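J.: Okay, structure incoming, though there's no sequence with it:
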């Protein structure tokens, strides 16, 4: 039975410094709520600005190339979107993901960190509606990617949204975790002839690819 709005609990959210980009502008919100707006070419000691706080951003690999991104890998909204809406296209920007989620997009640059938080909260709330096999697959993948708190930063929050408490003391079992892909269609050893059209990528295939990328870190 789907959860009603009344039965859904409030989800926790990480205490993070938020870094967003829009054109040549950079907005930074510290964990204390202070907003700083800079240009990409401005000299900025990011470590001194945000301290030891983990970072929330959108498209973290791109951001890491643009600035000296501390505490990377970070909480990446784009990775969370790819996990929740596997196989669905979005523009890899804060505004792009927000538009895909039908969220109101503010005009002021200083409001983008708040928008990014809203994006992530919306994605986590969406997970609360997952049921059945799709939910079980997501739980297994998130556990595998967590790697006892040395892996995917979103794992505890994704599992909470799926109704599971993450125990980072439990060892991961990659061989067992791979059983979640047993329900996927078998792959031929040789590539088939090119199709006449593009076939959609399934959600599980997208999440499998996301897991592969994150496990390479």
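T.: Received, thanks. All figures in this text were calculated on a predicted structure; none of them were measured in a lab.

J.: among the helices and strands of this protein, which has the poorest mean pLDDT?
T.: Of all helical and strand segments in the chain, the minimum by mean pLDDT, DSSP states H and E falls on helix 174-177, at a mean of 55.

J.: Low-confidence stretches in the chain?
T.: Residues of the chain that meet the criterion pLDDT under 70 lie in 1-8, 148-150, 170-217.

J.: Nearest the middle, which residue of it would you pick?
T.: What sits nearest the mean C-alpha location of the chain, by Cα atoms, centre = their mean, is residue 80, with 1.9 Å.

J.: ok, that residue touching residue 123?
T.: Yes: counting by Cβ atoms under 8 Å, a contact exists between residue 80 and residue 123, whose distance comes to 5.0 Å. In short, each C-beta sits where N, CA and C put it, glycine included.

J.: wouldn't residue 70 be in contact with residue 44 here?
T.: No: counting by Cβ under 8 Å, residue 44 is not a contact partner of residue 70; they are 11.4 Å apart.

J.: Between those two, which is the more surrounded one?
T.: Shown here are residue 70 and residue 44; by other Cβ atoms under 10 Å, residue 70 has more neighbours (20 against 16).

J.: ok, the more buried one to residue 129 distance?
T.: Distance, residue 70 to residue 129, using Cβ to Cβ, to the nearest Å: 34 Å.

J.: Not counting sequence-adjacent ones, nearest residue to residue 159?
T.: Spatially, and ignoring its direct neighbours in sequence, residue 159 is nearest to residue 166 (4.5 Å; Cβ to Cβ, 6 or more residues apart in numbering).

J.: Now do the strands in the protein.
T.: 17-22, 25-29, 35-39, 55-57, 75-76 (DSSP state E).

J.: Give me the buried positions along the first one.
T.: Same thing as strand 17-22. Neighbour-count burial for strand 17-22, counted by 16 or more other Cβ atoms under 10 Å, picks out 17-21.

J.: Now do the contacts for residue 39.
T.: Taking Cβ atoms under 8 Å, 6 or more residues apart in numbering as the contact definition, residue 39 lies against 24-26.

J.: Please tell me which one of these counts the most neighbours.
T.: Ranked by the number of neighbours (other Cβ under 10 Å), these place residue 26 first, at 23 neighbours.
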